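>>> Test case, fold it:
(one chain, ligands or ions: 1)
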Amino acid sequence: MEFSNITKSGDGLIFDSHAHYDDERFDGILDELLPKIHKMGVDKIVNCGCDKKTVIKSLAIADKFPFVYSAVGIHPCNIDSDTTIDQIKEFAKHKKCVAIGEIGLDYYWEPQKKEAQKELFIKQILLAKELSLPIIVHDREAHGDTLSILKQYNPKGVLHSFSGSVEMAEEILNLGMYIGIGGVITFNNAKRLPDVVKMLPLDRLLLETDAPYLTPVPYRGKTNHSEMIYLTAQKIAEIKGKNLNEILEISHNNSSKLFNL
Ligand code: NI
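Predicted coordinates for the structure are as follows:
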């Protein structure tokens with residue numbers, strides 16, 4: 001596989017708060033890719049497992065590379081997997097586990113099984129609270145239910161790849177949570193996301209890739225990786241009237257604080 005080399009336009013360090021290097025697209029190339037992007041300024045990565053199989057893979061990657069950490073959880077799309085909350089609790093004891101995630105609600109894909117998704121989400125929020133860990137939340141086409149559960153249980157964490165309205169962002173901020181922004185902000189059809197970034201206080205911004213997905217412009221169609229965060233940060237810097245390094249530094253500080261690193 002070919003990876004795009006980003007021309008580095010800043011010297012700030014990157015903290016990628018959300019990636020999936022356990023994805024099979026990265027099989028066999030991590031030994032080359034991860035040290036290379038680490039050298040290019042990718043300082044830390046939180047890799048998210050989404051069921052037993054990907055959590056085991058994610059923790060193994062974190063074991064191998066000192067700058068990679070892991071979140072462990074059952075993704076709402078894996079509602080039918082045989083992964084149990086007890087297994088997640090065991091995985092969460094790993095020394096490189098920094099969060100419960102990714103967890104949440106996904107009403108985009110059929111069948112939706114909304115009640116079962118909500119129950120699984122709540123159980124994992126309670127587990128995170130019991131273990132004093134933050135959560136990483138996935139919300140696709142489920143803004144209302146996601147918000148009402150977060151309001152009810154008030155966990156600490158991040159709403160990843162935020163796709164809600166400005167009003168929803170305000171409610172998330174009122175709960176003390178962070179908002180994750182990735183490559184979508186560089187898309188022409190980003191719709192209301194630029195307005196969310198405009199109002200978002202910088203001390204609540206986390207940068208993320210969701211690699212291998214959501215590759216920023218102009219590399220759409222290629223496999224995403226953490227160094228591409230420069231492009232996302234550049235776009236945010238333009239919207240906020242800041243420079244690239246300020247955006248990288250503030251989001252690095254925010255991620256370090258949330259994940260206790
Ligand atoms: Ni993800």
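>>> where does residue 170 land in three-state SS?
With DSSP: H, G, I helix; E, B strand; the rest coil as the basis, residue 170 sits in helix.
>>> now swap in residue 214 and tell me
Criterion first, three-state DSSP; result for residue 214: coil.
>>> quick check: longest strand of this protein.
strand 97-106 (DSSP state E).
>>> residues of whatever helix or strand comes next after it that come out buried?
Heading C-terminal from strand 97-106, the first helix or strand you meet, by DSSP states H and E, is helix 114-130. Buried residues in helix 114-130, counting neighbours by 16 or more other CB atoms under 10 Å, are found at 117-118, 120-121, 124-125, 127-128. For every residue, glycine as well, the C-beta is placed using N, CA and C.
>>> Only C-alpha atoms, please: export the helix or strand just after helix 114-130 in CSV.
Next along the chain after helix 114-130, taking DSSP H and E as the criterion, comes strand 135-140. Backbone C-alpha positions of strand 135-140 (Å, rounded to 0.1, in the frame of the first residue of the first chain) are rendered in CSV as follows:
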residue,chain,number,x,y,z
ILE,A,135,-15.2,7.3,27.3
ILE,A,136,-14.9,7.8,23.6
VAL,A,137,-18.4,8.2,22.1
HIS,A,138,-19.6,7.2,18.6
ASP,A,139,-22.9,8.9,17.6
ARG,A,140,-24.2,8.4,14.1
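>>> coming back round to it: just checking: what are the partner strands of the longest strand of the chain?
strand 68-72 (parallel), strand 135-140 (parallel) (DSSP bridges).
>>> Just the CA atoms of it, as CSV, please.
Output of strand 97-106 as CSV, limited to C-alpha atoms (Å, rounded to 0.1, in the frame of the first residue of the first chain):
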residue,chain,number,x,y,z
CYS,A,97,-5.7,1.2,28.3
VAL,A,98,-6.7,4.9,28.7
ALA,A,99,-10.4,4.9,27.9
ILE,A,100,-13.6,2.9,27.4
GLY,A,101,-14.4,3.2,23.7
GLU,A,102,-15.5,3.3,21.1
ILE,A,103,-19.0,3.0,22.5
GLY,A,104,-22.3,4.8,21.7
LEU,A,105,-25.2,4.6,19.3
ASP,A,106,-25.5,4.1,15.6
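>>> How far away from the center of its chain is it?
9 Å (CA atoms, centre = their mean, to the nearest Å).
>>> Just want the angle from that strand to helix 114-130.
Angle, strand 97-106 to helix 114-130, by axes from the mean of the first three to the mean of the last three CA atoms, to 10 degrees: 160 degrees.
>>> Looking at the strands paired with strand 97-106, which one is packed in the most?
strand 68-72 (a mean of 29; mean count of other CB atoms under 10 Å).
>>> now what about the next helix or strand after it, what contacts it?
The helix or strand immediately downstream of strand 68-72 is helix 85-91, counting by DSSP H and E. Residues from elsewhere that reach helix 85-91, judged by CB atoms under 8 Å, 6 or more residues apart in numbering: 49, 52, 55-56, 59, 72-74, 97, 100, 123-124, 127, 131.
>>> any idea how far the closest residue to residue 199 other than its chain neighbours is from residue 173?
Spatial nearest neighbour of residue 199, excluding adjacent residues (CB to CB, 6 or more residues apart in numbering): residue 166 at 5.7 Å. To residue 173, residue 166 is 10 Å away according to CB to CB, to the nearest Å.
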